[in-house]
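Asks: have a look; sequence and predicted model below, questions after that.
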Amino acid sequence: MNQPDRRPGRLATPASQIETTQVGTNMASITALTGRPPTSLADVLRGKAQLDPAEIARIDALYEESDRASHEGALARREAGRANTWQRRCPQKYRTATYGQFKPQQDPSGTHLATQTKTANAVSTWLDGTRQGLLLKGPSRHGKSFAAYAIGNAARERGLYVAAWSMPILNKALRGDLGEKEGAAAWTDVLDSDVLLLDDVGQENITTWTKEQLHVIAEHRLTAGDDDGDGGTRAYRRRNVITTNFGYTELVDLYGDPLVERLLEDATVAIIEGQKLSAFATDPF
């Protein structure tokens, strides 16, 4: 059986001989241009290769407005998500906590350990200060958590990304015990939030793994630069509020010197003690 004749191949045309057209405001006015085709694909897709400069400027303005609206929409959705997260993470009894509700013992003087600098009203002034950390130490039921969440509420009013975790729950979330979604949310909070509240530090099940994760968190959050890889700089340094029942020596016994010193190297320490503020201040039965 005879094979049909193959269609002869088309001769290749050098790029320098390819003709393109440029159409001005008058669609009948076409000028032949020899050389390379338009190099900006975006311009071709937008039709800008066929428009006069004034029309190009108008289209660019429309695209900029669309980009701005899209960016603002994304920011609004992110803020709504952060507000919802704070609502979920903040216990009901602390959602209205403010500095104005403090007992005197909840806003004591504090000491910056590295410089031995004293600060009056260490809790209510911390958010306006420069220290990256605030450690609230004292016995249970004396108002440490209330003070910490009052800071959180004040930070949220300023539009900051605030995350709060009880250490026993955070420990389980980071391990994945609470599910993949909760674990991912926990890592996002501890790595990206502007202000992180860690409540009841030392009450979690402390293992070598736990210490390693807390060390990662400390190193990431206390670094001076913006280490998320995009080459930018953060408008607000990551800052941390820690509440604990344990003193320095006890924390070192639990976590080791390097981690404790890292957490406290730019922290103000305030001791909250005095009157027990819980409803169970006395034996109720």
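Replies: Looks like it arrived, so ask away.

Asks: which SS class is Gly152?
Replies: Under DSSP: H, G, I helix; E, B strand; the rest coil, the three-state class of Gly152 is helix.

Asks: residues near the residue found closest to it once you drop the neighbours it is linked to in the chain, how many?
Replies: In space, and not counting its chain neighbours, Gly152 is closest to Val162: 4.9 Å by C-beta to C-beta, 6 or more residues apart in numbering. C-beta: built from backbone N, CA, C; applies to glycine. For Val162, the neighbour count with other C-beta atoms under 10 Å is 28.

Asks: so what's Val162 bridging to?
Replies: Val195 (DSSP bridges).

Asks: Leu135: neighbour count?
Replies: 25.

Asks: looking at it, it is touching Val260, isn't it?
Replies: No: at 9.9 Å, Leu135 and Val260 do not qualify as touching, with contact defined as C-beta atoms under 8 Å.

Asks: strands of the stretch 151-285 of the chain, start to end?
Replies: For the stretch 151-285 of the chain, the strands defined by DSSP state E, counting those that start in this stretch cover 162-166, 195-199, 239-244, 267-271.

Asks: model confidence over the third one, on average?
Replies: With pLDDT averaged residue by residue, strand 239-244 scores 96.

Asks: and that strand with strand 162-166, angle?
Replies: Between strand 239-244 and strand 162-166, the angle comes out at 20 degrees (axes from the mean of the first three to the mean of the last three C-alpha atoms, to 10 degrees).

Asks: mind listing what strand 239-244 pairs with, with the direction of each?
Replies: Going by DSSP bridges, the partners of strand 239-244 are strand 133-137 (parallel), strand 195-199 (parallel).

Asks: now the last one: buried residues?
Replies: The neighbour-count check on strand 195-199 (16 or more other C-beta atoms under 10 Å) flags Val195, Leu196, Leu197, Leu198, Asp199 as buried.
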